[in-house]
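A.B. asks: Fold the following.
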Amino acid sequence: MSFGRKRHPLVRGLARTVGRVEGLGRAFRIVVRKAEGEGDHLTVEAETLHPASDEQIRALSAKLLDALTVEMDDVLHELASAVEGRLTLKVVQPGTLPRSRLTGRVKPMVAFGKPVD
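C.D. replies: Residues are numbered from 1 along each chain as shown. Purely as a prediction, here's the structure:
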């Protein structure tokens, strides 16, 4: 499952929402993992704009959850149902997410066939 920013409404919506959270950069990705016998597990990973302490990362995670809840409530509800509630938000330091060697961009959606631990 691989969707470009321009094609998938979830990716476009997340890009808009992540970009509005003060302290987060524009880089994010959605990681989809197959969970054996449970459905998919989705993780939304977003980078901070500047290096941040653990406390700041927790605060940014809460801000991101609030922003997603307000701006994308219907999408989050649909996602949580589809993945049986296995949706995780993860805020990481800048430069953490893997980038394309050719473009330097983060691939917005990646899927792995391996089961989640």
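A.B. asks: Quick check, central residue of this protein?
C.D. replies: Among the residues of the chain, the one closest to the centroid is residue 44, at 1.9 Å (Cα atoms, centre = their mean).
A.B. asks: what are the bridge partners for that one, then?
C.D. replies: Residue 44 forms beta bridges with residue 30, residue 89, as assigned by DSSP bridges.
A.B. asks: May I have the residues that are in contact with it?
C.D. replies: 14, 28-31, 64, 68, 87-90 (Cβ atoms under 8 Å, 6 or more residues apart in numbering). The C-beta positions use only the backbone N, C-alpha and C, and glycine is treated the same way.
A.B. asks: Show me which of the residues you listed are buried.
C.D. replies: 14, 28-31, 64, 68, 87 (16 or more other Cβ atoms under 10 Å).
A.B. asks: Nearest to residue 103, out of the residues you listed: which one, please.
C.D. replies: Using Cβ to Cβ, residue 29 is the member of these that sits closest to residue 103, with 13.9 Å.
A.B. asks: follow-up on the earlier one: for the buried ones among the contacts of residue 44, which one is nearest residue 102?
C.D. replies: residue 29 (16.6 Å).
A.B. asks: For residue 41, see how far away the closest one is.
C.D. replies: 14 Å (Cβ to Cβ, to the nearest Å).
A.B. asks: Check residue 100 too.
C.D. replies: 24 Å.
A.B. asks: Where do the helices of the protein begin and end?
C.D. replies: 9-20, 54-71, 73-82 (DSSP state H).
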